[in-house]
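A.B. asks: after the sequence you'll find the predicted model.
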Amino acid sequence: MKVLLTGGNGMLGRTIVRVLGDAFDVVPTDLPDADVTDADSIDRAIAAARPDAVIHCAAATAVDACETNRDFAYRLNAQGSANVAAACARHGARLIAISTDYVFDGASDRPYAETDAATGGATVYGQTKFAGEESVRRLCQDHCICRISWLYGFGGPSFVHAMLKLADGTRPALKVVDDQRGNPTSALAVARELGHLLKRRELRGTFHMTCEGEATWAEFAAEIFRLAGRDQKIAPCTTEEFPRPAPRPKNSRLEKKAIALAGLPPMPDWRDALAEFIPLEFSINPQRNRLP
């Protein structure tokens with residue numbers, strides 16, 4: 001099966017190539033050869049590759065930057081997704097589009113299900129990704145939308161990389177937010193689940209693909225330091241004590257009901273996924289610095 005990948009140079013894109021490259025004919029694309037904001041450019045890329053499926057990873061994911069560069073965020077996340085969806089429909093390719101928990105407002109006291117109403121939330125990032133989802137639904141019938149959150153992967157940038165960079169022994173304690181909850185998610189786990197989804201050609205709709213279990217950012221950081229063998233103290237703080245240009249959702253947890261109903265393999269627990277990733281990425285145990 002041939003799979004064209006947009007955003008192939010990004011963190012998730014690089015991981016998909018590494019994990020799925022042996023099982024599928026993966027064709028990674030990125031700027032300048034395939035520009036999703038240019039309808040003709042992405043149409044030519046898909047027409048030339050003639051893929052069975054397209055995994056659409058290309059996105060503006062820097063949440064704070066999206067607040068200050070709204071036009072760019074809309075061009076890439078909303079119009080870019082519309083261009084990819086229209087091209088997939090024209091060329092008969094199945095579309096698997098990557099989205100985010102930010103399409104929800106984060107106010108719920110329980111994990112969000114795939115069937116819960118999304119509005120785009122309070123951020124430009126969430127609003128543009130939600131607009132992209134709606135374009136995918138409208139323009140390409142043969143689609144899957146896969147929402148992820150709190151993602152980390154090879155090469156970063158990610159929370160895992162930021163925490164280990166800051167834990168350099170110069171700070172007695174790191175201030176980390178402790179009143180936002182989510183599902184820390186490994187790009188390795190997402191790539192493997194996408195592989196299972198690709199093999200189930202009949203599946204369509206919206207899927208949540210975060211790791212199982214939940215944590216606050218402070219709890220996530222503590223597990224990172226434990227696994228990396230870093231003696232770094234954490235000073236838990238509130239969201240209000242750590243203001244950002246884009247408001248962060250208090251609740252980023254996603255329920256994986258669609259995966260279970262489809263009979264796809266469950267996502268791993270976030271602690272197990274992190275324990276696999278850290279030695280691979282940071283060579284803490286060099287003999288394990290390879291994928292199994």
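C.D. replies: Nice, I can see it.

A.B. asks: can we go C-alpha only for contacts and neighbour counts from here?
C.D. replies: Will do.

A.B. asks: all strands for the protein, in order.
C.D. replies: In the chain, the strands defined using DSSP state E lie at 2-6, 25-28, 53-56, 94-100, 143-148, 151-152, 173-177, 181-182, 185-186, 205-208, 215-216, 233-237.

A.B. asks: which strands or helices does the fifth one pack on?
C.D. replies: Contacting strand 143-148 under the criterion 3 or more CA pairs under 8 Å, 6 or more residues apart in numbering; DSSP states H and E are the following elements: strand 94-100, helix 124-139, strand 205-208.

A.B. asks: give me the mean pLDDT for the first one.
C.D. replies: In this case it means strand 94-100. Across strand 94-100, pLDDT averages out at 98.

A.B. asks: quick one: that strand to chain centroid distance?
C.D. replies: Centre-to-centre, strand 94-100 and its host chain are 10 Å apart (CA atoms, centre = their mean, to the nearest Å).

A.B. asks: same check, this time on the last one
C.D. replies: In this view, strand 205-208 has its centroid 13 Å away from the chain centroid, taken as CA atoms, centre = their mean.

A.B. asks: gap between the residue most central in space within the chain and Ala173?
C.D. replies: Among the residues of the chain, the one closest to the centroid is Ile148, at 4.4 Å (CA atoms, centre = their mean). Separation of Ile148 from Ala173 (CA to CA, to the nearest Å): 30 Å.

A.B. asks: re earlier: let me have the helices and strands packed on strand 143-148 in a markdown table, extended by mean neighbour count.
C.D. replies: What follows is the helices and strands packed on strand 143-148, written out as a markdown table (neighbours: other CA atoms under 10 Å):
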| stretch | mean neighbour count |
| --- | --- |
| strand 94-100 | 25 |
| helix 124-139 | 23 |
| strand 205-208 | 22 |
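
A.B. asks: got any ranges where the stretch 51-200 of the chain has weak pLDDT?
C.D. replies: Within the stretch 51-200 of the chain, no stretch has pLDDT under 70.

A.B. asks: any chance of the helices and strands packed on strand 143-148 in CSV, plus distance to Ala39?
C.D. replies: Shown next, in CSV, are the helices and strands packed on strand 143-148 (distance: least, CA to CA, whole Å):
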stretch, distance to Ala39
strand 94-100, 16
helix 124-139, 13
strand 205-208, 24
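
A.B. asks: can you tell which of the ones you listed is closest to Asp269?
C.D. replies: strand 205-208 (14.2 Å; CA to CA).

A.B. asks: wait, which of the helices and strands packed on strand 143-148 is closest to Asp231?
C.D. replies: With CA to CA as the criterion, Asp231 lies closest to strand 94-100 of the helices and strands packed on strand 143-148, at 32.4 Å.

A.B. asks: residue contacts, Ser135?
C.D. replies: The neighbourhood of Ser135, defined by CA atoms under 8 Å, 6 or more residues apart in numbering, consists of Ala78, Ser81, Ala82, Ala85.

A.B. asks: pretty sure Asp64 sits against Ala246.
C.D. replies: Yes - at 5.2 Å, Asp64 and Ala246 qualify as touching, with contact defined as CA atoms under 8 Å.

A.B. asks: residue farthest from the centroid of the chain?
C.D. replies: Pro172 (31.7 Å).

A.B. asks: does that residue touch Gln232 like I think?
C.D. replies: Yes - taking contacts as CA under 8 Å, Pro172 lies within contact range of Gln232: 7.3 Å.

A.B. asks: so Val124 sits right up against Ala62, yeah?
C.D. replies: No - taking contacts as CA under 8 Å, Val124 lies outside contact range of Ala62: 10.5 Å.

A.B. asks: let me know the closest of the contacts of Ser135 to Ile98.
C.D. replies: Nearest to Ile98 among the contacts of Ser135, with distances taken as CA to CA, is Ser81, at 9.8 Å.
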